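Student: below are the sequence and a predicted model for it; my questions follow.
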Amino acid sequence: MRFVVRFLGRRSTVLGMDRRRHRRVRAHIKGVLKANAQAAEGEALDLSLGGARMTSPLNMKPGKSVTIKLVIPGADTPIYIEHAEVRWVRDRTFGLKFLEVTRSQLDELEQVIDDYLAVDEQQEPDRPDS
């Protein structure tokens, strides 16, 4: 049996604050994107369970369907997301929404996000007590 999660929610803005459905971390993760018959290397600049901000030389347009392979540093295998959609484009940077994600892919993405958050916390300078 295959378990698939479909993300249908949208982010909302409340009192000027951007409220996303999922935690988002800054990342620099190499990947390969495929759209139609074209494939190219790219890089995830940030990542969440619901999507990623990417750069790539491919010509992207909102609504375009893509497949993405994220090559996670230190991982044995890449994470494949077979169904993603371009949501916005600015120059060669674009936002992807993951449309279908299996439970194992969610687990792998969650681990990557946790790892990036742990590194960020270690790099924060100690704050004096108030």
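Tutor: Happy to help now that I have it.
Student: in terms of helices and strands, where is the residue nearest the centre of the chain?
Tutor: In the chain, the centroid-proximal residue (Cα atoms, centre = their mean) is Ala52; its distance is 2.6 Å. Assigning secondary structure by DSSP states H and E places Ala52 in strand 51-55.
Student: what is the least confident helix or strand in this protein?
Tutor: Counting by mean pLDDT, DSSP states H and E, the weakest-scoring helix or strand in the chain turns out to be strand 12-14, with a mean of 37.
Student: not counting sequence-adjacent ones, nearest residue to the residue nearest to the centre of the chain?
Tutor: Ala44 (4.5 Å; Cβ to Cβ, 6 or more residues apart in numbering). Every residue, glycine included, has its C-beta placed from N, CA and C.
Student: let me see the contact set for the one you found.
Tutor: Counting by Cβ atoms under 8 Å, 6 or more residues apart in numbering, Ala44 touches 27-29, 31, 52-54, 70.
Student: lowest-confidence entry in these?
Tutor: In terms of pLDDT, Ala27 ranks lowest among the contacts of Ala44, with 88.
Student: that one and Val112: what is the separation?
Tutor: As judged by Cβ to Cβ, to the nearest Å, Ala27 and Val112 stand 7 Å apart.
Student: same question for Ala39.
Tutor: Distance from Ala39 to Val112, by Cβ to Cβ: 22 Å.
Student: tell me the secondary structure for Ile113?
Tutor: helix (DSSP: H, G, I helix; E, B strand; the rest coil).
Student: and if you look at the one 3 residues further on?
Tutor: Here Tyr116 is recorded as helix under three-state DSSP.
Student: brilliant, that's me finished.
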